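Just to be clear, the model below is a prediction. Sequence and coordinates:
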Amino acid sequence: MPLEPQNEVTWARNRSPDRTYFHRTFELDIRASQDFGHPARFIVKVFDEPDDTAGVLSEGLEYLEEVVHTTPGGRKQVKIQIAREAGLVREIQIQRVPTNGDATKLETLLTLGRDAAGRLIDLVQTLQYIPLEGGEHTVRLDDQTIRDFFADPEGMARAYQRRPETFRNLIENDPSAEDLVAIAHRREVVARFRRLLDDPDYFEAERLELIARTSRQTAGKEAVWQDLLESEPWILGVSLTGQLLTSWDQRKLEQVVAGYSVAGRAKRTDALMHTNGQIRSLVFAEIKHHETPLLSNEQYKSGAEYRPGCWPPSTELAGGVTQLQQTVLLAREDIGEVLNKLDDDGAETGEAAYVVRPRSYLIAGHLRKLRGANGVHRDKYRSFELYRRNLYEPDVITFDELLARAEWHVQAAQPHDVEE
């Protein structure tokens, strides 16, 4: 049996599609090329186009097929030449492998030089990052922006600095992009919240930073939490109740709600909010701090159960409840049934909120105060839980419960296809 002639066609026919062929290195001898005299090599891979009739059988037939040799009419070969250094593509050729048994030359369908080959490679690399959703608008990215993205880990930052408007357009045209940015920010906020709860040194550093930033003489623990919730009012808005709460005044949570005249005592609430819906209602909140004692024996060294198994609320907790009850009562008397929102000039905006038995929340303490060394102190927890559950108003929420609700909200809002 005569040997099959060895040429580029027979080599292409005999290559396996599931392999990549790296030819030996040689010195490039093309004087017109900028790579003249530098090492180069070819990388070759063949691709077979599917046969549309393959696997079509009459119903019920069984068969065993063994392929001895095939020279498919749809076979294509991609031939890549790299030169000078690893990863630098000098040329890409896409060639057709002829079916004529006497053919000795491959048919070149497309040749891409250095620049064009680089653009093709950039395109292929980009495909895995292109979302299918939210593609209602055409987006144009210049090749240099794409190249910067893959050049190094800081490439995206440089690309953004050079073409920020391009990135803004991408975000505007991607409905999920703004949500992802917002969720990422909220994840950072809840991480900071947890650190404030669990790391005393960090909390103290934040307190001192608040004093320096606001030029205050001093700032207590409550001020740290007030500052956080003022800057991130969504924590209260999504965490306190089943209704969505938003700040009454977008500029500031804390508001004077009673006693505007010199004849009375002014009453402030740490957070004045309102429900959202066809009809709005005012909501009040008082913010203490995470170390506020919940039970009296946390406060006094000599403190003990009032009776066996019974601990009364701490003075701070009971005082906070009374303070908030008085604030709501005086606000109801001062404001009346409806509070109309005014603009900066004092004119009504058309927005209003009702003050009919408004909800109120006291945020204080931490449930870890009700635990022992190895678990829950049942009598303490029972005493605290019975006290707050039997309060008609306000609702008492601890800081760790507020954090847990905020963390749940962020986790629930996280897209399923975004990994932690």
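Cool, got the structure.

before we move on, which element is the closest residue in space to residue 21 that isn't next to it in sequence in?
Closest residue to residue 21 apart from its sequence neighbours, by C-beta to C-beta, 6 or more residues apart in numbering: residue 44 at 4.4 Å. C-beta coordinates here come from the backbone N, C-alpha and C atoms, glycine included. Residue 44 is part of strand 39-48 when elements are defined by DSSP states H and E.

so what does that strand touch, helix or strand wise?
Helices and strands touching strand 39-48, by 3 or more C-beta pairs under 8 Å, 6 or more residues apart in numbering; DSSP states H and E, are strand 21-22, strand 26-27, strand 75-83.

Can you list the buried residues in the longest one?
Using 16 or more other C-beta atoms under 10 Å as the burial criterion, the residues of strand 75-83 that qualify are 75-77, 79-83.

same deal with stretch 373-384?
377, 380-381, 383-384.

next one: stretch 216-227
Neighbour-count burial for stretch 216-227 [16+ other C-beta under 10 Å]: 219, 221-227.

picking up where we left off before, pick out whichever of the buried residues of stretch 373-384 sits closest to residue 345.
Nearest to residue 345 out of the buried residues of stretch 373-384 is residue 384 (C-beta to C-beta; 47.8 Å).

Surely the closest one is in contact with residue 310?
No. Assessed by C-beta atoms under 8 Å, residue 384 is found out of contact with residue 310, at 11.0 Å.

of all the buried residues of stretch 216-227, which comes closest to residue 402?
residue 225 (9.5 Å).

Could you list the low-pLDDT ranges of this structure?
Confidence mapping of the chain against pLDDT under 70 gives the ranges 1-5, 50-73, 84-87, 101, 126-160, 166-181, 238-270, 297-305, 413-420.

Could you tell me which strand of it is the longest one?
Counting residues, the longest strand in the chain under DSSP state E turns out to be strand 348-363.

now the angle from the following helix or strand past that one to strand 348-363?
Next helix or strand after strand 348-363 toward the C-terminus (DSSP H and E): helix 378-389. Relative orientation of helix 378-389 versus strand 348-363 (axes from the mean of the first three to the mean of the last three C-alpha atoms, to 10 degrees): 160 degrees.

circling back: what would the helices and strands packed on strand 39-48 look like in JSON lines with distance to residue 96?
Listed next are those as JSON lines, based on distance: least, C-beta to C-beta, whole Å:
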{"stretch": "strand 21-22", "distance to residue 96": "18"}
{"stretch": "strand 26-27", "distance to residue 96": "25"}
{"stretch": "strand 75-83", "distance to residue 96": "6"}
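
wait, which of those is closest to residue 410?
strand 75-83 (46.1 Å).

ok, back up a step: may I see the buried residues of strand 75-83 organised as CSV, with distance to residue 318 added?
Below are those laid out as CSV (distance: C-beta to C-beta, whole Å):
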residue, distance to residue 318
75, 85
76, 82
77, 84
79, 84
80, 78
81, 83
82, 78
83, 82
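
Which of the residues you listed sits closest to residue 104?
Nearest member of the buried residues of strand 75-83 to residue 104, counting by C-beta to C-beta, is residue 77, at 14.5 Å.

and the gap between that closest one and residue 42?
11 Å (C-beta to C-beta, to the nearest Å).

same check, this time on residue 19
14 Å.

which one of these two has more residues nearby?
residue 42 (16 against 9; other C-beta atoms under 10 Å).

Pull the contacting residues for that one.
Contacts for residue 42 were tallied using C-beta atoms under 8 Å, 6 or more residues apart in numbering; they are 22-23, 79-81.

host element of residue 340?
Using DSSP H and E, residue 340 falls within strand 338-342.

Revised request: answer the last question for residue 204.
Residue 204 is part of helix 200-214, with elements assigned from DSSP H and E.

rewinding a little: may I have the beta-bridge partners of the residue nearest to residue 21?
residue 21, residue 79 (DSSP bridges).

so how many other residues sit close to it?
Residue 44 has 20 neighbours, counted by other C-beta under 10 Å.

these two touch, right, it and residue 23?
Yes. At 6.9 Å, residue 44 and residue 23 qualify as touching, with contact defined as C-beta under 8 Å.

related to what we said a few turns ago, ok, of the buried residues of stretch 216-227, which one's closest to residue 274?
Distances from residue 274 to these, taken as C-beta to C-beta, are shortest for residue 226 (19.0 Å).
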